[in-house]
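Any chance you can model this:
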Amino acid sequence: MLEKYFLRRPGKKDQQAVLDLMIRCDIRDVGQQDSDLSDLQYDWREIDLDRDAWLAFDGKGVLKGYAAVLPWQTGRRLVIYDDPGTEGDDLFLGLLLLCEGWAAARLRDNAEPGRKQIVTHISDSVDYQKQNLANVGYTINRFIFNMQMDLSGEFSLPAWPEGVVVRTARTGVDDKLIHAIVQKAFRKTDHPDQPFDEWKEFMMRADLYDADLWFLALDGDEIVGTCLCFPYEETGWIRQLAVAEPYRKRGLGSALLLHSFHAFKQRGYQKVGLAVESANVNAYRLYERVGMKKFIQLDEFQKIIT
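So this is what the prediction gives:
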């Protein structure tokens, strides 16, 4: 499957070429750019490039494919990009099997309880990738909707529940309190709590963390809601919205979202986005009520390594 291609490991000098490839695939798959250099750089800091990632070049030395095996809370996540025009060459399938073999070997070697899952995320619109995954034993685990809000028009001011005020995060003071409310809000049987150090490493990474975009709702001294945002280059991004159980259905989630919309608009952003699982119907309806619309559907495919 990969006989037409020359494979080598990526290096820092390849970052822009890989990002360009990712953007070309984004435009084919979802109609717009959905990749960011800071996220790619973060991924590469999390893995060993000499072991966990590959580049595929054609006979003219043009980059046509990129694949990596990344850490995942319940196992490993595969990231695979095949350049537009290679759909008939089985490049995606070849990179998929290459990554899967390496991920499965690592999971078996580590023998960590509960970490036996290989996942990958692809756009629901890309039928040949979905078929390739199904053919080699992957099944759909869940759907993820990326939603956006157009900030160019007018939208409501936040209406806070009685007694609730909002402030920004205090780095080093609020960190563990924020982590605790987020984990409790997201907790379910198939979503174990994320350890604090792991959560902090991603959420407070130096390239994106901005305490002025971490909004905390307080009732007295108690944090009862959070809206934690990242300032990406093109789009404001809401990473984690959490509301304590007693404060749900009181408008606090809507108020936090609207507050973040106004903050991003003041910074000159034209749009803001977030991701939500399809099973989370209440959250999806909340985002629709404040004016957000679905623009990408991702399918999470999984395979369990036994």
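
CA only for contacts and neighbour counts going forward, please
Noted.

Do you have the helices of the stretch 1-150 of the chain handy? List them.
For the stretch 1-150 of the chain, helices defined by DSSP state H, counting those that start in this stretch occupy the ranges 15-30, 37-46, 49-52, 91-110, 127-135.

for those helices, which one sits closest to residue 204?
helix 37-46 (11.7 Å; CA to CA).

send the alpha carbons of the closest one over as PDB?
Only the C-alpha atoms of helix 37-46 are listed here, as PDB (Å, rounded to 0.1, in the frame of the first residue of the first chain):
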ATOM      1  CA  LEU A  37       0.300  25.200  14.200                       C
ATOM      2  CA  SER A  38       0.200  25.500  18.000                       C
ATOM      3  CA  ASP A  39      -1.800  22.300  18.300                       C
ATOM      4  CA  LEU A  40       0.600  20.500  15.900                       C
ATOM      5  CA  GLN A  41       3.600  21.700  18.000                       C
ATOM      6  CA  TYR A  42       1.900  20.600  21.200                       C
ATOM      7  CA  ASP A  43       1.300  17.100  19.700                       C
ATOM      8  CA  TRP A  44       4.900  16.900  18.700                       C
ATOM      9  CA  ARG A  45       6.100  17.800  22.200                       C
ATOM     10  CA  GLU A  46       3.900  14.900  23.500                       C
END
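
okay, the angle between that helix and helix 15-30?
120 degrees (axes from the mean of the first three to the mean of the last three CA atoms, to 10 degrees).

pLDDT on helix 37-46, on average?
The average pLDDT for helix 37-46 rounds to 95.

swap in stretch 195-207?
Computed over stretch 195-207, the average pLDDT equals 93.

before we move on, what about stretch 221-236?
95.

does residue 211 really touch residue 172, like I thought?
No. Between residue 211 and residue 172 there is no contact, the gap being 10.4 Å when judged by CA atoms under 8 Å.

between those two, which one's more packed in?
For residue 211 versus residue 172, the count of surrounding residues by other CA atoms under 10 Å is larger for residue 211: 15 against 7.

Residue 291 versus the more buried one, what's the distance?
25 Å (CA to CA, to the nearest Å).

which ones are touching residue 292?
Contacts for residue 292 were tallied using CA atoms under 8 Å, 6 or more residues apart in numbering; they are 147, 148, 149, 150.
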